[in-house]
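Engineer: Fold the following.
(chains A and B)
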Amino acid sequence: MKTVFLYCILSCGLLLFACQKELAGNAGTTQQYTVKITFQPVINSQALVLGETYHNSFGEDYSITALRFYAAHPSLKNNNTILAVTGETKYRLIDASLNNTLSFTVTTTDSIFNSFSFQIGVDSIDNVSGVQSGDLDPGKGMFWTWNSGYVMAKLEGTSSFSGMPGHEFTYHVGGFSGANNSIRSITLATQQVKLNSNRTTGIIVYADINRWFSGVHSLKISDNAFVHSPGELARQYADNYAVMFSIAEIAGE
Amino acid sequence: MKKSILYIAGVLFAGLCVVESCKKQDGGNNALTPIAFIIPDGFPQPVYTFENNQLTEQGFQLGKRLFYDGRLSKDGNFPCASCHQQFAAFATLDHPLSHGFDNQFTTRNAPGLFNVAWMKTLHWDGGINHIEVQPLAPIEAANEMAETIDNIITKLKADAGYRQMFKAAFGDEEINSQRMLKALAQFVAMIVSSDSKYDRVKKGQATFTIAEESGYKIFQAKCASCHTEPLFTDDSFRNTGLPVDDVLKDYGRMRITGDPADSLKFKVPSLRNIFATFPYGHDGRFYSVGAVIDHYRNSVISSATTDPLVANKIPITDYEKLDLLSFLQTLTDSTLINNTRFAIGE
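Structural biologist: Below is the predicted model of the structure:
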């Protein structure tokens, strides 16, 4: 009798525990390595200052008022083996005007990697599955209301070469399907890095704004000051900014 | 024997523990009242299936309150219901284009809202790919509600009544855009039109008059390839040969796809409740159903993208036109138009 009762209490307790554990994630006893990734918008390797005047490779002057993009699915790889990365939400809206959006940390149980990959853009499924939350909240101003879909990345500013009112330029790049797909995967190789479980390793990724104009395609401000819909031009900007990233530094903190 | 009963009881108790402990994590044990979405006889499966948006009485009521609430617009005057009026099957009666913020007009005719759950895409050009994100378009359009999501959320948060309703619908008082839009989707998707005379005839509960019956035959022969039963639309985009309005310069579907092959194509509208939703056409240019029929008979403009089904005009005699009109009148669903469940204040 008593044993049966005990057993019941025990199993109940166990099950309770099982349930909670599942919700809390599997914080096991294996080694954890913490990696802090920081996106640093730059121009000629100098941190971008909003409102400051710069020049692109065509000699066009410009200054930036906004830079925002979705960084998704951060992953570390050792040759072809993907390290199990946890701790980061699927999407992160990087906003040059908000310092706290530029960095995030992930943890892994493996200690060696030689490349860092991520995606710029929101998976097509999340463009067509109704209203999302968090960094995908349509209130963030990165969702096209008249032609459903996310703006994957946007760059806004002014240039004397822009023919738009106020000499503004606005590049809102999006499109998630077929020929209009603007989602880009980026892989940045490094030397083999060995993580240390006692301290956080920081990866600083530069995002060079000048490449928006001359990464793969030559896109002068004087030719296009305005992109607000998916299509050929949006795709070209996506090709360009996909090559704006480079690893500037990997260091223990 | 006793032992095994105890054992079973124990396992059951343990099971309960798990259910209870897991429930807590979901954030509340308020009683939601699920409601069923009933697919009318003969209707296909809906496109919107309330995935990740459990349909409940509490969600529906919240959605209804939002639909009728002027605070979703900048100056308080333009709730959804200002353009989508129930007596007009949720279209804007008597206005080719609807009024919006700051004395501006919309650039398109507000369609009736019913059977939206069956639409693959929304709006005349299909630019909206999901019912839940549709309200963002009117809310943020400067000539409609001219408001921002963030402002609306701030206004709603300041209202204790809303905090209570969000809690009832979603388990806690948090108010965010996702919850607001899901609640609106519950209300809009629940508006189903399936109780017109036509529907009752199909169920054997009523009979067509001779004129209606004749009109139905003509309809099936000349209109149904696009206005397909039972929804009276095949949800496709077609150019019916309307001349482009030189002020609005609206090229329809092409604006979304960028494909010249889609120039002047618009979504085939349902013809249910057609006699309640006047005026007609994507820009409301037709003042009567008869005028639309006259267009198909007399004035279709044939261009590269004009649909082959209408490019050579549709031959319809005056007698046939009258019968067609009689039939189309059987598509009015007064049950929907008078249903207090969708009305304000109930």
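
Engineer: So what's the residue count around whichever residue of the stretch 201-346 of chain B sits closest to chain A?
Structural biologist: Nearest residue of the stretch 201-346 of chain B to chain A (CB to the nearest CB) works out as B:G258 at 4.9 Å. For the C-beta atoms, the positions are set from N, CA and C on the backbone; glycine is no exception. The tally of other residues near B:G258 (other CB atoms under 10 Å in any protein chain shown) stands at 15.

Engineer: That one: what's it in contact with?
Structural biologist: A:180, A:229-231 (CB atoms under 8 Å, 6 or more residues apart in numbering or on different chains).

Engineer: Would you mind putting those residues into JSON lines with neighbour count and secondary structure alongside?
Structural biologist: Shown next, in JSON lines, are the contacts of B:G258 (neighbours: other CB atoms under 10 Å in any protein chain shown; DSSP: H, G, I helix; E, B strand; the rest coil):
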{"residue": "A:N180", "neighbour count": "18", "secondary structure": "helix"}
{"residue": "A:S229", "neighbour count": "19", "secondary structure": "coil"}
{"residue": "A:P230", "neighbour count": "28", "secondary structure": "coil"}
{"residue": "A:G231", "neighbour count": "18", "secondary structure": "coil"}
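
Engineer: which two from those end up farthest apart in space?
Structural biologist: A:N180 and A:S229 (8.9 Å; CB to CB).

Engineer: picking that back up, I'd like the contacts of B:G258 written out as JSON lines, with distance to chain B and pLDDT added.
Structural biologist: As requested, the contacts of B:G258 are arranged in JSON lines below (distance: CB to the nearest CB, whole Å; pLDDT from 0 to 100):
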{"residue": "A:N180", "distance to chain B": "8", "pLDDT": "90"}
{"residue": "A:S229", "distance to chain B": "7", "pLDDT": "89"}
{"residue": "A:P230", "distance to chain B": "7", "pLDDT": "92"}
{"residue": "A:G231", "distance to chain B": "5", "pLDDT": "91"}
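
Engineer: Got the phi and psi for the residue of the stretch 201-346 of chain B closest to chain A?
Structural biologist: phi 70, psi 10 (degrees, to the nearest 10).

Engineer: Quick check: pLDDT value at it.
Structural biologist: At B:G258, the pLDDT value in this model is 86.

Engineer: same check, this time on A:S177
Structural biologist: pLDDT, A:S177: 89.

Engineer: Touching, it and A:D123? I think so.
Structural biologist: No: checked against CB atoms under 8 Å, the pair A:S177 and A:D123 is beyond contact range at 11.0 Å.

Engineer: between the two, who's got more neighbours?
Structural biologist: A:D123 (17 against 14).

Engineer: ok, the more buried one to chain B distance?
Structural biologist: Going from A:D123 to chain B by CB to the nearest CB, to the nearest Å gives 14 Å.

Engineer: Now the phi/psi pair for that residue, please.
Structural biologist: When read as degrees, to the nearest 10, the backbone of A:D123 gives phi -50, psi 150.

Engineer: so who does it touch?
Structural biologist: A:72, A:176, A:183.

Engineer: Make a markdown table out of the residues you listed and add distance to chain B.
Structural biologist: Formatted as a markdown table, the contacts of A:D123 follow (distance: CB to the nearest CB, whole Å):
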| residue | distance to chain B |
| --- | --- |
| A:A72 | 19 |
| A:F176 | 10 |
| A:I183 | 16 |
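
Engineer: So which of the residues you listed belong to strands?
Structural biologist: Under the assignment DSSP state E, the contacts of A:D123 contribute A:A72 to strands.

Engineer: can I get the contacts of A:D123 in a markdown table with distance to A:I221 and neighbour count?
Structural biologist: Output for the contacts of A:D123, formatted as a markdown table (distance: CB to CB, whole Å; neighbours: other CB atoms under 10 Å in any protein chain shown):
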| residue | distance to A:I221 | neighbour count |
| --- | --- | --- |
| A:A72 | 28 | 21 |
| A:F176 | 26 | 22 |
| A:I183 | 25 | 21 |
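
Engineer: Could I get the contacts of A:D123 in CSV, plus columns for distance to B:N239?
Structural biologist: Output for the contacts of A:D123, formatted as CSV (distance: CB to CB, whole Å):
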residue, distance to B:N239
A:A72, 38
A:F176, 26
A:I183, 31
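
Engineer: quick check, nearest of the contacts of A:D123 to B:K222?
Structural biologist: Nearest to B:K222, judged by CB to CB, of the contacts of A:D123 is A:F176 at 38.6 Å.

Engineer: Point out where chain A drops to low pLDDT.
Structural biologist: A:1-29, A:253 (pLDDT under 70).

Engineer: change it to 50
Structural biologist: Low-confidence segments of chain A (pLDDT under 50): A:1-6, A:8-28.

Engineer: just the helices in it please.
Structural biologist: A:2-24, A:211-214, A:232-242 (DSSP state H).

Engineer: how close does B:T340 sit to B:K197?
Structural biologist: 21 Å (CB to CB, to the nearest Å).

Engineer: quick one: which of those two has more around it?
Structural biologist: B:K197 (20 against 9).

Engineer: contacting residues for the more buried one?
Structural biologist: B:206, B:208, B:212, B:330-332.

Engineer: May I see the ChimeraX selection of the buried members of those residues?
Structural biologist: To isolate the buried members of these in ChimeraX, using 16 or more other CB atoms under 10 Å in any protein chain shown:
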select /B:208,212,330,331,332
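
Engineer: quick one: the closest residue to A:H73 other than its chain neighbours from chain B, how far?
Structural biologist: Of all residues not flanking A:H73 in the chain, A:Q119 sits nearest, at 5.0 Å (CB to CB, 6 or more residues apart in numbering or on different chains). Distance, A:Q119 to chain B, by CB to the nearest CB: 21 Å.

Engineer: Can you get me a residue count around A:Q119?
Structural biologist: There are 20 residues near A:Q119, going by other CB under 10 Å.

Engineer: ok, it touching A:S185?
Structural biologist: Yes: with contact defined as CB under 8 Å, A:Q119 counts as touching A:S185 (5.1 Å).

Engineer: domain parsing for the chain?
Structural biologist: Went with chain A since none was named. By the assignment in automatic domain parsing, chain A contains the domains A:1-29, A:31-252.

Engineer: wrong chain, I was asking about chain B
Structural biologist: Split by automatic domain parsing, chain B gives B:57-193, B:197-335.

Engineer: Let's have those domains in CSV, adding distance to A:F245.
Structural biologist: Formatted as CSV, the domains of chain B follow (distance: least, CB to CB, whole Å):
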stretch, distance to A:F245
domain B:57-193, 30
domain B:197-335, 28
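
Engineer: from those domains, which stretch is densest packed?
Structural biologist: Mean neighbour count, computed with mean count of other CB atoms under 10 Å in any protein chain shown, is highest for domain B:57-193 among the domains of chain B, reaching a mean of 20.

Engineer: Can you give me the end-to-end span of that one?
Structural biologist: For domain B:57-193, the first-to-last residue distance is 19 Å (CA to CA, to the nearest Å).

Engineer: Please list the residues of the stretch 151-253 of chain A that sit near chain B.
Structural biologist: A:180, A:229-231 (CB under 8 Å from any CB of the partner chain).

Engineer: would you list every one of the strands in chain B?
Structural biologist: With DSSP E as the criterion, chain B has strands at B:99-100, B:104-105, B:237-238, B:266-267.
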